[in-house]
Every structure is written in C-alpha cells, then in structure tokens.
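Trainee: the following comprises the amino acid sequence and a computationally predicted model.
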Amino acid sequence: MEITQILGYFGALAIGVVLGLIGSGGSLMAIPIFTYLFQIGPVMTTAYSLFVVGAAATVGALGNFKKRLVNFRIVIFFGIPAFISVFLVRKFLIPAIPEKLFSIHGYIVTQHIAILFLLAILMLASGYPMIRNNKVDHNHLEPLYYNYSFMIFAGVVIGILTGVIGVGGGFLIVPSLVLYLRLPMKKAVATSMFIIALKSLIGFLGDILSVDINWTFLFGFTLISVLGILLGSYLSTLVKGEKLKKYFGGFLIFIALGIFVKELFFIETK
C-alpha cells in the first residue's frame, strides 16, 4: 500500500471525526482525499463522497435520535425539498452542464472552478457570522418561530449544491438553523446530520446504475469514517455549544481560503 493511500485512510477517519463534531465538512474533506490521494476521477469521487458521508452521518444521526436532539419538524420542511432537489439535479442537470463554461482574458472558467468559487463564497458568508462575538447564547434558546418559507427555499438551494458537487451541505444547514431559526448549536448539528444522511444517500442512488463502483474499497473507507464519527460525536459532548459554533465558523473560513488559493493557481489558459 502506497503512502498516499495510507494517508487517505487516515483522512477517512478525519472525515468522520469532523462530521461527528460539527455536523458538516465531511464532503469537503472527502472530495480532495479521493481525488488527490486515491487518484479517483471527478464523477466517481462525487458518488463515493455522497455514499461515505451519507453512511457515516446515518450512524451519527441514530445516536442523536436516541438523545432526542433531532428536530423532525425542521427535517420535514427543510429536508424534503432538499431530497427532491438533489435527486432531480443528479438525474437531469448534471449531464446537461458543459465542462468549459467561458473564458476571461485567456483564462478558461470550467464547471469545476465556477462551482468551487461559488462554494467558497458561500462558506465565507456562512462562517463569518458564526465566529462573531454574539451576546445571545443559542444553547438556551428554542426557535422563536418556524420560518417555513425560508426552510423550503434553503432546502432547495442546498439540495442543488449537494447534487452538483457532492457535498452534504451541512456548512449551510448548520448556520441557517443556528442564525435564522435560533436552534441551539448541538441540536442544529444533530438535525443537520440527519438531513445530510438521507440527502446524501438519495443522491448516491442516482449514481448506482451509471458508475462502476468498487464496493470493497468503498465499504472499507466508509467503515473507517463511521469509527471516526463515533469518536467525533463523543468529543462533541466535551465541548460547549458556543465554542463549537466558533470552531465551526473558523473551519469554514479556513477551507474557503484554501479553495481560493488552490483554484487560482490551477486555472487553465488557452
């Protein structure tokens, strides 16, 4: 086994830990791990990411369900629009998007670059409010109201993002639940994980018949990620919700800046 593959399996453990700790970020780590450490193509990478994150999140969601941390009203009004969107995108939109979109001053803007830049912008917009000092303690507040129109709209948008680039969308779900619905951070993480589990596995169903999947590799990688999410879920009980919120925001900003730096150096020219 090559050193890059060994590092990749350590990455599988890290995916689970991050997902269990902050309810997001698993796909953001899985995609580069599959791409750069295992040399897997983009279509297969997206499919594998959806399965690994979906399966690992399912294990975490079951534990949160037993702790009664999952808000099922939010799951219904936030999750169902996301489920429908991700399935439709994987089935109809992905095949219709061209690889090269346009060029600017000799630089080619591909589908991949455009999506990642949009993703990074959204991550910055979501992460900054999470790290600001806020006098409101979200751990002791229940939602003031359920904004159903907001939940449906956000569910559709996050479902589209999930379908296009294979991310679970927790980096948008968690800030939305905390900042706009005033859900306590740990409940937001648990609810986000439940939505991610269902949404990612539904998205993966659209790839089963069109992708030649290496099930032995995928199950082994997923098993390690599941062990990681159990560890991450345990660690989350040792961290206060307000600190967890700041760590989450910092994580988003760090990944977003990394995306900008990497993609700016690898833009193709004519």
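Mentor: On my side now, so go ahead.
Trainee: tally of neighbours for residue 57?
Mentor: 33 (other C-beta atoms under 10 Å). Using the backbone N, CA and C atoms, a C-beta is placed for each residue, glycine as well.
Trainee: need the contact list for it.
Mentor: By C-beta atoms under 8 Å, 6 or more residues apart in numbering, the residues touching residue 57 are 19, 26, 168, 193, 194, 196, 197, 200, 229.
Trainee: got any ranges where the stretch 1-150 of the chain has weak pLDDT?
Mentor: Flagging of the stretch 1-150 of the chain using pLDDT under 70 yields the residue ranges 1, 23-25, 105-106, 112, 130, 133-145.
Trainee: one more time with 50, if that's ok
Mentor: Counting by pLDDT under 50, the stretch 1-150 of the chain has low-confidence residues at 136, 138-140, 143-144.
Trainee: which stretches of it form strands?
Mentor: Secondary structure of the stretch 1-150 of the chain (DSSP state E, counting those that start in this stretch): strands at 100-104, 107-110.
Trainee: can you redo these as a markdown table with distance to residue 82?
Mentor: Below are the strands of the stretch 1-150 of the chain laid out as a markdown table (distance: least, C-beta to C-beta, whole Å):
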| stretch | distance to residue 82 |
| --- | --- |
| strand 100-104 | 25 |
| strand 107-110 | 26 |
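Trainee: deepest-packed of those strands, please.
Mentor: Highest mean neighbour count among the strands of the stretch 1-150 of the chain (mean count of other C-beta atoms under 10 Å): strand 107-110, with a mean of 15.
Trainee: what sits against the nearest residue to residue 51 once chain neighbours are set aside?
Mentor: Excluding the flanking residues, the one nearest residue 51 by C-beta to C-beta, 6 or more residues apart in numbering is residue 204, at 4.6 Å. Residue 204 makes contacts with 47, 50, 51, 54, as judged by C-beta under 8 Å, 6+ apart.
Trainee: looks to me like residue 204 is in a helix.
Mentor: Yes - the assignment for residue 204 is a helix, going by DSSP: H, G, I helix; E, B strand; the rest coil.
Trainee: per-residue pLDDT of it, please?
Mentor: As predicted, residue 204 sits at a pLDDT of 81.
Trainee: now it: how far from residue 53?
Mentor: Separation of residue 204 from residue 53 (C-beta to C-beta, to the nearest Å) stands at 9 Å.
Trainee: cool, and residue 213?
Mentor: Residue 213 is 15 Å from residue 53, by C-beta to C-beta.
Trainee: and these two? which has more neighbours close in?
Mentor: residue 53 (38 against 15).
Trainee: hang on, the more buried one packs against residue 20?
Mentor: No - if you go by C-beta atoms under 8 Å, residue 53 and residue 20 don't touch, sitting 11.6 Å apart.
Trainee: which residues do the two both contact?
Mentor: Common neighbours of residue 53 and residue 20 (C-beta under 8 Å, 6+ apart) do not exist.
Trainee: nearest residue to residue 205 other than its sequence neighbours?
Mentor: Nearest one to residue 205, counting by C-beta to C-beta, 6+ apart, is residue 87 at 7.5 Å.
Trainee: now the end-to-end length of stretch 232-247.
Mentor: Start and end residues of stretch 232-247 are separated by 14 Å (C-alpha to C-alpha, to the nearest Å).
Trainee: and it, average pLDDT?
Mentor: So the average pLDDT for stretch 232-247 ends up being 74.
Trainee: can you tell me how far the closest residue to residue 45 other than its chain neighbours is from residue 193?
Mentor: Spatially, and ignoring its direct neighbours in sequence, residue 45 is nearest to residue 34 (4.2 Å; C-beta to C-beta, 6+ apart). Look at residue 34 and residue 193: by C-beta to C-beta, they are 21 Å apart.
Trainee: cool, and residue 120?
Mentor: Distance from residue 120 to residue 193, by C-beta to C-beta: 23 Å.
Trainee: now do the SS call for residue 238.
Mentor: Residue 238 - assigned by three-state DSSP - is coil.
Trainee: ok, the residue nearest to residue 205 - how many residues close by?
Mentor: Neighbour count of residue 87, defined by other C-beta under 10 Å: 18.
Trainee: quick one: it and residue 203 touch, right?
Mentor: Yes - in terms of C-beta under 8 Å, residue 87 counts as a neighbour of residue 203; the distance is 6.9 Å.
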